[in-house]
Each structure stands twice: as C-alpha cells, then as structure tokens.
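K.L.:
got a predicted structure plus its sequence, pasted below:
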Amino acid sequence: MRLVEEHQRVVAALITPRAPQAVDVGDALGLVLADDVVAPLSLPGFDNSAMDGYAVVAEDIAAATTDRPVKLVVAEDIPAGRTDSLVLAPGTAHRIMTGAPLPAGATAVVPVEATDGAIDTVSIRASVVAGQHVRRAGEDVTAGTTVLRAGQVLTPAALGLVAALGLARVDVVARLRVLVMSTGTELVAPGTPLRPGQIYESNAVMLAAAVRDAGADVTTSSMTDDDVDTFRAELHRHAADADLIITTGGVSAGAYEVVKDSLAEQVEFVKVAMQPGMPQGAGTVAGTPIITLPGNPVSALVSFEVFLRGPLRAAMGLPHPDRPRLTATLIEDLTSPRGKRQFRRGVLDPTANTVTSYGPPASHHLRWLASANCLLEIGEDVTELAAGSPVRVWDLG
Ligand code: AMP
Ligand code: MG
C-alpha cells in the first residue's frame, strides 16, 4: 500500500498553476495579484476639502470668535464634482463641500458648524490655521508608488484602492477550472423521486462546494450510467476545458467499477494506507490531470481534504494552502486500525484545546462529518489512544 505522503506528492505534482489573467475588479474578490500594482495617479488627486464649510484665507478670519464673528462675502459655491478652476480672492469665502476641489488661493476650510451657514455673506465664529480641514494631493498615495504586491489576496479594501486608482482590471493568478464527475447507476438528482435501490447524488454537490471553497471554479457532471463508453465520452467532452478532473466512485474492487474500467491506461489506481479513502487514482486524460476519489461520501470528502485542497490552493497562490494543523488533547479512548492512517471526524474545543471523535469511523456516515469541525489524524502504527493523549488535528474551521 502507498503511504499518504507519497500519494500527496503524486497528486500535488499534477496540479499546476494557469497563466495569469486580467479580470474586472468586480470579479477579483479573493483572487491573488499576479503583479505589483503601481499607482498611476496620486490620491487624493487634487487638494480638496475635508469638511462641508467655507474655503478661506486663514489670516482673514484669525480674529473670529463667538462674540466677534468675522463676516465674508461668499463669492462661489463649490459642490463636489465641480470641474472648473476657481480662484479665491482674499477677503472673500467660497462655500465648499467635502471632497470638492479647494480654490487656488484658499489656505483652509472653516467647518459649517463654526458659521451661520449663509450663502451670500457668511458669519464665521472661529479661526482656523493654514491647512486645516484640507486634504492635500498625494497625502494618501503618490503616483508611482507600489501600493499592492504580487501575491496579495484581493480583499474588499484592496479592490477599493485599485478602483480609486482608476484601474478597471487587475492581473491575477487564475482560478483553476475543475470538473467534478460523479458516477453510479444508483444515483438520482436531489429533488426528483427515488425508486427502490436508488439514492440521491451527494458527492458531486459536496465536492463542487469543496472545490469552490478552496477558491477554484467548478463544473459538475453526474454520470448515472456506469457504462464505460458513456463515461469516456463525457470525460473527453469536458477534459479540454478543465485544468483538473475529479471523479468519485467506480474505483474499488467490485464489478461495474466504471472509472477503473475506463482509465486503466491513463490512471494509476492504488491503495493508500488510510481509512477512510483507501482506493485512489491519479493520472492524465487528454492532457488534463485526473484524480479519482472513492465513492463513499466520507471517503470522498476526506480524500479531497487530504490530497486536493492544499495543492489546489497552492496552485492559485492562496496563502495558507493547508488547513491549520495542531495538537490537542483527546478526551476519550480511541482505537485505530494497524497499518493505516486514520482520519476520524472530530469536534475540537479550541479554548480548552481538547478534541473528541464524532461519529463512527465508517465511510458512509455523512451526518457526523456535516457537523464535525476537525479531522483527527491517527498514525499507522497507533492502534489505541487513551484519553489524555495528544492527537494531531486538522482544523476545518
Ligand atoms: P463505489 O465506489 O462507486 O462503489 O461507491 C461506494 C459507495 O458510495 C456506494 O454505496 C455508492 O452508492 C456510494 N456513492 C458513490 N457515489 C456517490 C455519489 N455521487 N453520491 C452519493 N453516494 C455515492
Ligand atoms: Mg459506483
């Protein structure tokens, strides 16, 4: 049997980045910058008012107090968005709104709260010093500065900055396009009636969500006929548009193993020393890497966690590609099969740093996985773990 680490290496080697691409800022959330962003302009782009108020020459109102207000003629009204160039004559004021361009000659802004708010002759009750309530051109960003670095994840704030700099598109590490194919004649789409012996398809839904959660794009195809020709045709129809194909089911030791029967030449089918998730496969179909996961739902998702999530995220340049791994104290006795790495579903109490297994080890108990928050990783040589032992935990968040 192949060790978990060896199969991890085989899978990781198949998953490689796509060429960077330019995307609209509106589609770039969560993607990783492929290039540094250099500011093409300064922010603010021009001196402007930080307050709603009056643009003045500070010396003109140096004597203003509540008891002895200074009166100035209001010569202009400057809302935000006014694009003509204005000049403030000494001894006058311009009414000005937040973000509006400061007229040439003005040295400060008096907030409207320190005035009577008049529009013809304003009465000003407080002085200001030169520069007060003025946002200077370039005080946030100077044109030519590198404001974001390649490798940074585009957060809402980073996208706001990109847009503020006037950039409509950004160069990013492309999302990988993943095709998820489920197989099984017994499968029926949720929302349709079941006949005896049929079950609802859940792996494609689950793995597609896991792929998206890992940051990649996904398309799904549910093959409800374990027929080699149909399966091959569907695979080839999609292979060229995918950077990675993930299949589930049809790889174990029975008959009607459609994935195994179809891909004997393209895929290396192996047994990995783990539970759940022993039957695995990796290879290439028509130039596209393919990973064949087992069909039992818990095996499928645990396999995705163990073999695919990290490499997928790494190939998209995402930070912390692997789940956080930690050591916690087990608060129950556990047994584990000799010779296999066991991944039990668990509940981690991060405050106490204790962990307990959750549900039976069998690979069809989806219910427990759905409410677990971690995986317990128990080594091949370990057959018994007593309460109080340290155990390795993958934090599923
Ligand atoms: P297989 O590996 O195809 O023999 O499948 C193993 C078990 O997983 C069987 O009980 C299947 O019915 C079940 N299974 C396989 N694929 C799916 C799927 N896409 N959704 C739900 N159950 C599945
Ligand atoms: Mg099957």
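P.N.:
Sure, I can see it. Numbers count the residues shown, from 1 in each chain. Ligands and ions are numbered 1, 2, ... in the order given.
K.L.:
contacts and neighbour counts: CA atoms only from here.
P.N.:
OK.
K.L.:
what's the spacing between residue 284 and ligand 1?
P.N.:
Note on residue 284: its distance to ligand 1, by C-alpha to the nearest ligand atom, to the nearest Å, is 20 Å.
K.L.:
the helix or strand containing that residue near ligand 2 anywhere?
P.N.:
If you go by DSSP states H and E, residue 284 is part of strand 279-285. No. Under the criterion of C-alpha under 5 Å from the ion, ligand 2 is not reached by strand 279-285; the shortest gap measures 12.5 Å.
K.L.:
what strands line up against that strand, and which way round?
P.N.:
strand 267-271 (antiparallel), strand 288-293 (antiparallel) (DSSP bridges).
K.L.:
okay, those strands in TSV with mean pLDDT, distance to ligand 2 and mean neighbour count next?
P.N.:
Shown next, in TSV, are the strands paired with strand 279-285 (pLDDT from 0 to 100; distance: least, C-alpha to the ion, whole Å; neighbours: other C-alpha atoms under 10 Å):
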stretch	mean pLDDT	distance to ligand 2	mean neighbour count
strand 267-271	98	15	17
strand 288-293	98	11	25
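K.L.:
for these, give me TSV that also has distance to ligand 1.
P.N.:
Listed next are those as TSV, based on distance: least, C-alpha to the nearest ligand atom, whole Å:
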stretch	distance to ligand 1
strand 267-271	13
strand 288-293	8
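K.L.:
for those, which one sits closest to residue 224?
P.N.:
Nearest to residue 224, of all the strands paired with strand 279-285, is strand 288-293, at 16.6 Å by C-alpha to C-alpha.
K.L.:
which residues touch the next helix or strand after the closest one?
P.N.:
The element immediately downstream of strand 288-293 (helix or strand, assigned by DSSP H and E) is helix 297-303. Here helix 297-303 makes contact (C-alpha atoms under 8 Å, 6 or more residues apart in numbering) with 202-203, 206-207, 248, 275-277, 293-294, 343, 363-366, 369.
K.L.:
and these, which of them are buried?
P.N.:
202-203, 207, 248, 275-277, 293-294, 343, 363-366, 369 (16 or more other C-alpha atoms under 10 Å).
K.L.:
if you look at these, which of them are in helices?
P.N.:
Cross-referencing the buried ones among the contacts of helix 297-303 against helices under DSSP state H gives 203, 207, 366, 369.
K.L.:
how many residues are close by residue 6?
P.N.:
11 (other C-alpha atoms under 10 Å).
K.L.:
just the CA atoms of the helix or strand hosting it, as CSV, please.
P.N.:
In this assignment (DSSP H and E), residue 6 forms part of helix 4-14. Extracted in CSV, the C-alpha atoms of helix 4-14 (Å, rounded to 0.1, in the frame of the first residue of the first chain):
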residue,chain,number,x,y,z
VAL,A,4,-0.5,9.0,2.4
GLU,A,5,2.6,11.3,1.9
GLU,A,6,3.6,9.6,-1.3
HIS,A,7,0.1,9.9,-2.8
GLN,A,8,0.0,13.5,-1.7
ARG,A,9,3.2,14.1,-3.6
VAL,A,10,1.8,12.4,-6.7
VAL,A,11,-1.4,14.4,-6.7
ALA,A,12,0.4,17.7,-5.9
ALA,A,13,2.8,17.2,-8.8
LEU,A,14,-0.2,17.0,-11.2
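K.L.:
so which bits of stretch 251-264 are buried?
P.N.:
251-252, 256-260, 262-263.
K.L.:
ok, which of the residues you listed also contact ligand 1?
P.N.:
Intersecting those with the contacts of ligand 1 gives 251-252 (criterion: C-alpha under 6 Å from any ligand atom).
K.L.:
now the buried residues of stretch 251-264 as TSV including secondary structure and distance to ligand 2?
P.N.:
Shown next, in TSV, are the buried residues of stretch 251-264 (DSSP: H, G, I helix; E, B strand; the rest coil; distance: C-alpha to the ion, whole Å):
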residue	secondary structure	distance to ligand 2
251	coil	8
252	coil	8
256	coil	7
257	coil	6
258	helix	7
259	helix	9
260	helix	10
262	helix	13
263	coil	15
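K.L.:
which residues touch the strand holding residue 284?
P.N.:
With C-alpha under 8 Å, 6+ apart as the test, strand 279-285 has contacts from 10-11, 14, 236, 239, 251-252, 266-272, 289-294.
K.L.:
what's the answer for stretch 111-125, then?
P.N.:
Residues outside stretch 111-125 that contact it (C-alpha under 8 Å, 6+ apart) are 51-54, 61, 64-75, 93, 95, 110, 126, 133.
K.L.:
can you narrow those residues down to the ones near ligand 2?
P.N.:
Okay, of the contacts of stretch 111-125, nothing touches ligand 2 (C-alpha under 5 Å from the ion).
K.L.:
let's see which of those end up in helices.
P.N.:
Per DSSP H, these never map to helices.
K.L.:
are any of those buried, and if so which?
P.N.:
Buried, going by 16+ other C-alpha under 10 Å: 51-54, 61, 64, 69-75, 93, 95, 110, 126, 133, out of those.
K.L.:
contacts for stretch 36-44?
P.N.:
Stretch 36-44 has contacts (C-alpha under 8 Å, 6+ apart) with 135-150, 162, 164-165.
K.L.:
mind running it again at 7 Å?
P.N.:
Under the criterion C-alpha atoms under 7 Å, 6 or more residues apart in numbering, residues 136-150, 165 lie in contact with stretch 36-44.
K.L.:
just the buried residues from those, in ChimeraX please.
P.N.:
Selecting only the buried entries of the contacts of stretch 36-44 in ChimeraX, with 16+ other C-alpha under 10 Å as the criterion:
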select :136,141,142,143,148,165
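K.L.:
of the contacts of stretch 36-44, which is the nearest to residue 224?
P.N.:
residue 150 (43.5 Å).
K.L.:
and the residue nearest to residue 89 when sequence neighbours are not counted, how many residues sit next to it?
P.N.:
Closest residue to residue 89 apart from its sequence neighbours, by C-alpha to C-alpha, 6 or more residues apart in numbering: residue 105 at 7.0 Å. Using other C-alpha under 10 Å, the number of residues around residue 105 comes to 14.
K.L.:
ok, residue 105 touching residue 87?
P.N.:
Yes. Here residue 105 lies in contact with residue 87, judged by C-alpha atoms under 7 Å, at a distance of 6.0 Å.
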